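next comes the sequence, and after it the predicted model I'd like to discuss.
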Amino acid sequence: MPEEKKKERAGEKVETRTYTFQVFRFDPDKGDGSSHREYKLDVARGTTVLDALIRIKEEQDNTLSFRYSCRMGVCGSCGMFVNGLPVLGCQTQVYDLDGDVVEVKPLPNYDVMRDIACDQMSMFEKHKSVKPYILRKDTKELDNARGEYTQTPENLDWIYQFTYCIKCGLCLSACPTAASDSEFAGPQALAQAYRYIKDMRDEGAKERVDIVDNSHGCWRCHFASSCSQVCPKGVDPALAIQLLKREVILHRLWLRRQGKGSELMPKKIKDAKRKEDVPDAPEKTV
Ligand code: FES
């Protein structure tokens, strides 16, 4: 139990600091206007941004809406934009933030449902589209299971960090490519595609390569790496996407060796035209 909580329970005085919480407010039932509301709160060391919001809701404004469940960085539902960064509210200590003003907004790159709660269905759909489960050809064996599909410790090591994804969606909200292309599969889904492709128990690599090998798939990633910077679990989706690109190329080369080289080329390459807004190359200088 944190020291402050122990003191509070023992009736001792707990040292606090006063913070101003500037919270984004949006009510879909009252038109499309959004605003900020300020709440002052005395906060003790050990209080997270989520704890503070819960207290504001209990003590000052019960109309404030936000989402949370586990309060321990596991369920991934308390993603929010705090002082300009996508974070988990339950993992962000108020005392660790700079200054005494805490700005809380909903995650970017998602539609806002109400106040801080946003609609993350688009991320879950993208996640579902890469088939995030073990695919097997021997379905008969699955129907009449007689044992386990085994995995070596080395194979587990290879994919282990990518299995830590809690689907909080912070990576997608930090991604500049997702901000400009709503159809981009996004770091969460692409990292999971790689995680399952490299799982030695899986036999669905071709299916997933076909899903991610397009202009809204892994090639759209420009390796800004902001997804990896904000991931609260150290998954490093940016690394997974680069490894996924390698997997796609190796898969296509394998197809070429099988005499299916035409699958390497985009189907309509003959009709390719340069976009009108792409400027001419500069004159050669030497
Ligand atoms: Fe579950 Fe924050 S409430 S991760």
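Looks like it came in fine. Residues are numbered from 1 along each chain as shown.

so the residue lying closest to residue 34 once chain neighbours are set aside versus residue 38, what's the distance?
Once flanking residues are discounted, residue 34 sits nearest to residue 26: 4.2 Å by Cβ to Cβ, 6 or more residues apart in numbering. Just so you know, the C-beta spots here come from the backbone N, C-alpha and C atoms, and that holds for glycine as well. Residue 26 is 16 Å from residue 38, where distance means Cβ to Cβ, to the nearest Å.

ditto for residue 163
Counting by Cβ to Cβ, the gap from residue 163 to residue 38 is 41 Å.

who has more neighbours, these two?
residue 163 (14 against 9; other Cβ atoms under 10 Å).

quick one, phi psi at that one?
phi -80, psi -10 (degrees, to the nearest 10).

now do the same contact list for the spatially closest residue to it that is not a sequence neighbour.
Setting aside the residues directly before and after it, residue 163 is nearest to residue 195 in space (Cβ to Cβ, 6+ apart), at 6.0 Å. Each residue near residue 195 by Cβ atoms under 8 Å, 6 or more residues apart in numbering is listed here: 132, 159, 162-163, 165, 240.

just among those residues, which is most surrounded?
Neighbour-wise, the contacts of residue 195 (other Cβ under 10 Å) top out at residue 240, 28 neighbours.

which residues of the stretch 151-286 of the chain fall in strands?
Taking DSSP state E, counting those that start in this stretch, the stretch 151-286 of the chain contains no strands at all.

against residue 57, how distant is residue 43?
15 Å.

those two - which one has more neighbours?
With neighbours defined as other Cβ under 10 Å, residue 43 and residue 57 compare such that residue 43 has more, 22 against 15.

just to check, that one is in contact with residue 94?
Yes. Using Cβ atoms under 8 Å, residue 43 makes contact with residue 94 at a distance of 5.0 Å.

please identify every residue contacting each of the two.
19, 52.

how far off centre is stretch 165-172?
2 Å (Cα atoms, centre = their mean, to the nearest Å).

pLDDT (mean, whole number) over that stretch?
The pLDDT scores in stretch 165-172 average 97.

which elements pack onto the longest helix along the chain?
When the chain is parsed with DSSP state H, its longest helix is helix 237-257. Applying 3 or more Cβ pairs under 8 Å, 6 or more residues apart in numbering; DSSP states H and E, one finds that helix 237-257 contacts helix 186-197, helix 205-212, helix 226-230.

hmm, who's touching that helix?
Outside helix 237-257, the residues touching it (Cβ under 8 Å, 6+ apart) are 162, 165, 171, 187-188, 190-191, 193-195, 197-198, 205-206, 209, 212-213, 218-219, 221, 223-225, 227-228, 231, 261, 263-264.

cool, stretch 18-31 as well?
Residues contacting stretch 18-31 (Cβ under 8 Å, 6+ apart): 33-43, 52-53, 56, 64, 94, 100-106, 112-116.

and residue 119, bridged to which residues?
Beta-bridge partners for residue 119, by DSSP bridges, are residue 111.

please list the residues of the stretch 1-150 of the chain that sit near the ligand.
68-71, 73-78, 88, 90 (Cβ under 6 Å from any ligand atom).

by neighbour count, which of these wins?
residue 88 (28 neighbours).

for that residue, which non-adjacent residue is spatially closest?
residue 232 is the one closest to residue 88 (Cβ to Cβ, 6+ apart), at 5.0 Å.

for that neighbour, list the residues it contacts.
By Cβ under 8 Å, 6+ apart, residue 232 lies in contact with 73, 87-88, 91, 166, 168, 170.

pLDDT below threshold where in the stretch 51-200 of the chain?
140-142 (pLDDT under 70).

80 instead, please
138-148 (pLDDT under 80).

that one: helices as residue ranges?
For the stretch 51-200 of the chain, the helices defined by DSSP state H, counting those that start in this stretch occupy 121-129, 139-143, 153-159, 170-174, 176-180, 186-197.

out of those, which gets nearest to residue 82?
Closest to residue 82 of the helices of the stretch 51-200 of the chain, according to Cβ to Cβ: helix 170-174, at 11.0 Å.

got a list of contacts for the closest one?
Outside helix 170-174, the residues that reach it (Cβ under 8 Å, 6+ apart) are 79, 81, 86-88, 107-110, 123, 178, 186-188, 191, 226-232, 235, 237.

which among those residues end up buried?
Buried subset of the contacts of helix 170-174 (neighbour count, 16 or more other Cβ atoms under 10 Å): 79, 81, 86-88, 107, 109-110, 123, 178, 186-188, 191, 226-228, 230-232, 235, 237.
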